[in-house]
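Trainee: Test case, fold it:
(2 chains)
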Protein chains: 2
Amino acid sequence: MLQCDLPHNENDAVLLAHGGGGRLSHQLVEKIIKPHFKNSYLNDSHDGCSLPLNLIHNLAFSTDSYVIKPLYFPGGSIAELAVYGTVNDLAMCGAEPQFLSCSFILEEGFSLKTLEDLCQRMGRAAQECGVQIVTGDTKVVEKGQGDEIFINTAGIGQLLSRRKICRSQIQNGDAIILSGDLGRHSLAIMAQRQGLELQSKFTSDLAPLHRTTNSLLKSGLNINCLRDLTRGGLASALFELQDERCLGMTLEKNKIPVHEEVQSLCEIMGYDPMNLSNEGCFLMFVPSSDQEETLAHLHHLNHRDAAIIGHVHCRNSYISIKNELDVETLVDWPLGDPMPRIC
Amino acid sequence: MLQCDLPHNENDAVLLAHGGGGRLSHQLVEKIIKPHFKNSYLNDSHDGCSLPLNLIHNLAFSTDSYVIKPLYFPGGSIAELAVYGTVNDLAMCGAEPQFLSCSFILEEGFSLKTLEDLCQRMGRAAQECGVQIVTGDTKVVEKGQGDEIFINTAGIGQLLSRRKICRSQIQNGDAIILSGDLGRHSLAIMAQRQGLELQSKFTSDLAPLHRTTNSLLKSGLNINCLRDLTRGGLASALFELQDERCLGMTLEKNKIPVHEEVQSLCEIMGYDPMNLSNEGCFLMFVPSSDQEETLAHLHHLNHRDAAIIGHVHCRNSYISIKNELDVETLVDWPLGDPMPRIC
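Mentor: Residues are numbered from 1 along each chain as shown, chains lettered A, B, ... in the order given. Coordinates of the predicted model:
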């Protein structure tokens, strides 16, 4: 090939032409993106890839776009979020995540150095999760028509059992188990945005969850439903899990794990930890006969804050919470997350 | 569920809270998006889905983000593009497209009515292609941090044969066959953007291609490589198809189908049709022994402009083009598409 490379130095920025499908697009992908996602599926330089899969059970398929602001925060960046987030969505289906796609929407002027750092982080995060980023796309929009970088990942994985894990499996009497404490992701982002001094106090709980869910599923425990508590937090997740059967759910406030500094800041700011977003904890619905064993398994897997926070019932169709004095109040479905662009 | 719906009328716009994962997010998905993507996989209201697949051959996986401007253009909209574009990427792998994901990044203030229209168009386009939109995501960014709507789709499909279809299969002597005429997509977008009078003259060639590729593959013809000619057009595609073997390719200018009005406008504007983007035509590389039969098959499938435009050789490693007088010049790899945000 006769074409020589354009020089690329550390202050270079994304140009509109990087999104034009020509030589610059090619260089961006070959030099800045692909080296960090290294795997043989990417060698064909194509807009798609072919994957060998020996399906025993069904396939899980999921997607998320990530628009979090700021790009870097205590505990991670948009890059790890884009990998773990989709890995976790697959895990919540009861699947072993295997392959990811990755699509960037870049704003003209975005730093190539930052892009490269984010690609490196995505590559590392994928490796850590045992998944491969096998296909992708890059678009560029004019300055002022985007915001630095948006990342979409889609993921596929194999379900670990024939048994469906979804909200229609939730049964009257099920224990509601929470795998970890609430609110750290939201507060880490908020502290970072506002430059609060307490910034160092809060670290996002961002983490991949598939090793935990795989271990639980392989242990033979009966798991009816799994759900991670991202945007909208615990409260929204519970409402979304109600289907046309309208089973009731009652939580016990003093069982819900919330770290002390999170609780204090929530009181000052007027937030309810139940509405805050998390990136490393999830809900499980299991028959009450299995609840203690499931909890012990979670503790054994180092989810030290895991707790049985309530039960499903058919007394009424409300989602309610009991305080320390056994006074029961209704949980409200928040209109939206108290913070925009949290993931 | 106790929550009542918020009223929604025709002038309503996307709010930041629609992206917050709470009640408003739920309503947006349930009332505006899902009704148009109707299929049983969406019933679980989850961030992922499980798909029954009986894989005979490998799986194809692809993704694209769509940022085209304007959203509506002669011949389609971002909605059809987001469906056909990913369907076509799967078709170019030699796969039967089956399932799509759909992720929206909405700008605060975007019209809900337009969103609903685009969802309806996506639903219709998916139905027309025989694919199902089975999982998705919606994010909202602040006004001025996005541009109305960006759509990402990822797709999976089953490969139709065990034989790999990719650039490394291209062989010395292969015929290069183009399925249709060049440039109409780019010029339709340009005319629309600039409000040119000739707007009505140009309609994008946007179309799904999988029925054609499936028919060709099932006919038993030897197909070494398939590539659609989107961003960057024919010229960029040829350069991207060169691998480390650096086979040469020589085209014949008078064989390349370009409609007369496209050619005229290109001459006025200084564009080369080879660099313009298309959304409904593709390249095939086939052994020269199969070239006539392949061409006849394409004509039979109503690709009336299909033509053998050149051959692969090992005389040198250049991509060149011969004019009517048999004078050969090198093709240049454009830096980027002459028009940004063309797809």
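Trainee: roughly how far is the helix or strand bottoming out on mean pLDDT in chain A from the heart of the chain?
Mentor: In chain A, no helix or strand scores lower on mean pLDDT, DSSP states H and E than strand A:48-51, which sits at a mean of 84. Centroid separation for strand A:48-51 versus its chain: 24 Å, with C-alpha atoms, centre = their mean, to the nearest Å.
Trainee: Same check on stretch A:95-107?
Mentor: 12 Å.
Trainee: How about stretch A:334-341?
Mentor: Relative to its chain's centre, stretch A:334-341 lies at 16 Å (C-alpha atoms, centre = their mean).
Trainee: Quick check: end-to-end length of it?
Mentor: 16 Å (C-alpha to C-alpha, to the nearest Å).
Trainee: so, in contact with chain B or not, it?
Mentor: Yes. Using C-beta under 8 Å from any C-beta of the partner chain, stretch A:334-341 reaches chain B at A:Pro334, A:Leu335, A:Gly336, A:Asp337, A:Pro338, A:Pro340, A:Arg341. C-beta here means a position set from N, CA and C on the backbone, and glycine is covered the same way.
Trainee: Closest to chain B out of those residues?
Mentor: A:Gly336 (2.3 Å; C-beta to the nearest C-beta).
Trainee: now A:Asp337, what's its secondary structure?
Mentor: Three-state call for A:Asp337 (DSSP: H, G, I helix; E, B strand; the rest coil): coil.
Trainee: what's around it, how many residues?
Mentor: A count of nearby residues for A:Asp337, using other C-beta atoms under 10 Å in any protein chain shown, gives 25.
Trainee: Could you check how far it is from A:Gly180?
Mentor: 19 Å (C-beta to C-beta, to the nearest Å).
Trainee: what does A:Ala207 give?
Mentor: 9 Å.
Trainee: before we move on, back to that, mind listing what the least confident helix or strand of chain A pairs with, with the direction of each?
Mentor: Here strand A:48-51 is paired, per DSSP bridges, with strand B:59-66 (antiparallel).
Trainee: Strands along the stretch 1-150 of chain A, start to end?
Mentor: Here the stretch 1-150 of chain A has its strands, by DSSP state E, counting those that start in this stretch, at A:48-51, A:59-66, A:72-73, A:76-77, A:95-107, A:132-141, A:149-159.
Trainee: Dump those strands to JSON lines, plus mean neighbour count.
Mentor: What follows is these, written out as JSON lines (neighbours: other C-beta atoms under 10 Å in any protein chain shown):
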{"stretch": "strand A:48-51", "mean neighbour count": "25"}
{"stretch": "strand A:59-66", "mean neighbour count": "27"}
{"stretch": "strand A:72-73", "mean neighbour count": "19"}
{"stretch": "strand A:76-77", "mean neighbour count": "22"}
{"stretch": "strand A:95-107", "mean neighbour count": "25"}
{"stretch": "strand A:132-141", "mean neighbour count": "25"}
{"stretch": "strand A:149-159", "mean neighbour count": "27"}
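Trainee: ok, the residue nearest the centre of chain A to chain B distance?
Mentor: Nearest to the mean C-alpha position of chain A, by C-alpha atoms, centre = their mean, lies A:Gly85 at 2.6 Å. Noted for A:Gly85: a distance of 9 Å to chain B, by C-beta to the nearest C-beta, to the nearest Å.
Trainee: Which pLDDT does the model give that residue?
Mentor: The model reports A:Gly85 with a pLDDT of 98.
Trainee: try A:Gly19
Mentor: Here, the pLDDT recorded for A:Gly19 equals 90.
Trainee: got the contact list for it?
Mentor: With contact set as C-beta atoms under 8 Å, 6 or more residues apart in numbering or on different chains, A:Gly19 has these partners: A:Ser25, A:Leu106, A:Thr138, A:Lys139, A:Val140, A:Val141, B:Arg231, B:Gly336, B:Pro340, B:Arg341.
Trainee: Mind pulling the model confidence for the fifth one?
Mentor: Read it as A:Val140. As predicted, A:Val140 sits at a pLDDT of 96.
Trainee: right, and it touches A:Gly22 too?
Mentor: No. Applying C-beta atoms under 8 Å, one finds A:Val140 not in contact with A:Gly22, separated by 11.9 Å.
Trainee: can you list the domains in chain A?
Mentor: A:16-159, A:167-330 (automatic domain parsing).
Trainee: May I have the distance across the shortest one, first residue to last?
Mentor: Domain A:16-159 has an end-to-end distance of 40 Å (criterion: C-alpha to C-alpha).
Trainee: can you give me the helices in the stretch 201-343 of chain A?
Mentor: All helices of the stretch 201-343 of chain A, identified by DSSP state H, counting those that start in this stretch, fall at A:210-218, A:233-241, A:260-269, A:291-300.
Trainee: what's the third one packed up against?
Mentor: Applying 3 or more C-beta pairs under 8 Å, 6 or more residues apart in numbering or on different chains; DSSP states H and E, we find helix A:260-269 packed against helix A:184-194.
Trainee: next one: the last one
Mentor: Secondary-structure packing of helix A:291-300 (3+ C-beta pairs under 8 Å, 6+ apart): strand A:175-178, helix A:210-218, strand A:307-313.
Trainee: Now tell me what touches that helix from outside.
Mentor: Residues from elsewhere that reach helix A:291-300 (C-beta under 8 Å, 6+ apart): A:175, A:177, A:179, A:212, A:215-216, A:219, A:221, A:223, A:284, A:286, A:306-308.
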